[in-house]
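> here is a sequence with its predicted model. Questions after.
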Amino acid sequence: MVSAAARRLDAPDNAEGMRLDFLGVNHAFALEDRPLPVLEQIRFNVEPGEFVALLGPSGCGKSTLLRLVAGLEPPTQGQILEDGRPITGPDPSRVVVFQDPTLFPWRTVRDNVALGPEAQGLLKSHRTRIDDALALVGLSGFAKAYPHQLSGGMAQRVALARALVNDPRLLILDEPLGKLDSLTRISMQGELVELWQRSGFTTLLVTHDIEEALFMATRVIVFSERPARVKADIPIDRPYPRHRGDPKLVELRRHLLELLGLAQTW
Ligand SMILES: Nc1ncnc2c1ncn2[C@@H]1O[C@H](COP(=O)(O)OP(=O)(O)OP(=O)(O)O)[C@@H](O)[C@H]1O
């Protein structure tokens, strides 16, 4: 069931999603005594409008890859192209939602969501989008609250609203639902898929939750232990809404567990 807010957030002026090309990306952090290689020969493409879930062992380099796509730092070697042009820094067409979002403590929830539109000069149409984004994440009743009055999960939902209000062409999600209780999480997964289907933005999602990847994504990329290399690239060719009992998804789940070295115990 698509909510009215999700329907309105489906921006009529939204261009199609962004294409990404990862061309032999290597990345290492400079530690005091040695370099720490984190990404090794990352090479894959993302077509406009794809929803790609990134899975891999903890600490393998997934968040680092997202930071490079967001333009927050350049790769040590190789290139990431957006629509054929190298990414050289942050851009409003690529929005990121981190697991621990930073909200401005002196601004209300609504004013935190309004940051992007304010930078463009707050228009009347923006006001409706802000209201719709808050409704989509279920926080209309908290518009006037301040960040210290929110739970961790609510803060994550504010960050999601703040990203969606900007009409992104690429949505970069780093465990954005990790702090939500399971019911809110399932509801937000559904809302996000509906919105993505209608708006057409490209989505990269880092998650530790195999079910979430199988429920939401059109494709799953599995990384090795650090330094992360692409271990598997698997399309999920199943219609929405998806059901846990779908035999193909059950099989895929088993395959992903094997790839991640996790025994299936139940
Ligand atoms: N700024 C930094 N300086 C030095 N090392 C870093 C920096 N950022 C991350 N690292 C290291 O790089 C490695 C990869 O970190 P990253 O956060 O990308 O992993 P991840 O796969 O997202 O982990 P998780 O799934 O646990 O969130 C880790 O060993 C981390 O300690």
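Looks like it came in fine. Predicted model, so just to flag it, every value in this text is computed and none were measured.
> tell me which parts of the protein are close to the ligand?
By the criterion of C-beta under 6 Å from any ligand atom, the positions of the chain lying close to the ligand are Phe29, Leu36, Val38, Gly56, Ser58, Gly59, Cys60, Gly61, Lys62, Ser63, Thr64, Arg226. Placement of C-beta: from N, CA and C, glycine included.
> of these, keep whichever come out buried.
Val38, Gly56, Cys60, Gly61, Lys62, Ser63, Thr64, Arg226 (16 or more other C-beta atoms under 10 Å).
> just name the closest of these to Ala159, please.
The shortest approach to Ala159 among these belongs to Ser63, at 14.9 Å (C-beta to C-beta).
> is it true that the closest one touches His208?
No: with the criterion set as C-beta atoms under 8 Å, Ser63 and His208 do not qualify as a contacting pair; they are 11.5 Å apart.
> and the strands in the stretch 1-150 of the chain?
For the stretch 1-150 of the chain, applying DSSP state E, counting those that start in this stretch gives strands covering 20-30, 35-46, 51-55, 77-82, 85-86, 94-97.
> next up, the contacts around Arg229.
For Arg229, the contact set (C-beta atoms under 8 Å, 6 or more residues apart in numbering) comprises Glu40, Gln41, Ile42, Phe223.
> centroid-nearest residue for the protein?
Within the chain, one residue has its C-alpha closest to the average C-alpha position: by C-alpha atoms, centre = their mean, that is Leu173, at 1.8 Å.
> mind pulling up the pLDDT for the closest residue to that one other than its chain neighbours?
Taking C-beta to C-beta, 6 or more residues apart in numbering as the measure, Leu173 lies nearest to Leu205, with 4.5 Å between them; neighbours along the chain are not counted. In this model, Leu205 is scored at 97, pLDDT.
> how many other residues sit next to Leu205?
For Leu205, the neighbour count with other C-beta atoms under 10 Å is 28.
> now it: how far from Asp246?
The span separating Leu205 from Asp246 equals 20 Å under the rule C-beta to C-beta, to the nearest Å.
> what about the residue in the stretch 101-250 of the chain that the ligand sits nearest to, which SS state?
Per C-beta to the nearest ligand atom, the residue of the stretch 101-250 of the chain with the smallest distance to the ligand is Arg226, at 5.6 Å. Classification of Arg226 into helix, strand or coil gives coil, according to DSSP: H, G, I helix; E, B strand; the rest coil.
> contacting residues for it?
When contacts are counted by C-beta under 8 Å, 6+ apart, Arg226 is found next to Pro37, Val38, Pro57, Gly59, Cys60, Gly61.
> just checking, the fifth one touches Val222?
No: with the criterion set as C-beta under 8 Å, Cys60 and Val222 do not qualify as a contacting pair; they are 9.9 Å apart.
> any idea how many residues pack against Met188?
Neighbouring residues of Met188 were enumerated by other C-beta under 10 Å; the total is 20.
> from the contact counts, what lies against the helix or strand that contains it?
Applying DSSP states H and E as the criterion places Met188 in helix 182-199. On a contact count with 3 or more C-beta pairs under 8 Å, 6 or more residues apart in numbering; DSSP states H and E, helix 182-199 meets helix 4-9, helix 152-164, helix 210-216.
> next one: it to chain centre, how far?
Mean-position distance between helix 182-199 and its chain equals 12 Å (C-alpha atoms, centre = their mean, to the nearest Å).
> tell me where the stretch 1-150 of the chain is predicted with low confidence.
Along the stretch 1-150 of the chain, the parts satisfying pLDDT under 70 run over 1-15, 122-125.
> picking that back up, if I look at the residue of the stretch 101-250 of the chain closest to the ligand, how far off is Leu36?
As defined by C-beta to C-beta, Arg226 lies at a distance of 8 Å from Leu36.
> which residues touch the residue nearest to Pro90 when sequence neighbours are not counted?
Spatially, and ignoring its direct neighbours in sequence, Pro90 is nearest to Gly71 (4.4 Å; C-beta to C-beta, 6+ apart). The neighbourhood of Gly71, defined by C-beta under 8 Å, 6+ apart, consists of Ile87, Thr88, Gly89, Pro90, Asp91, Arg94.
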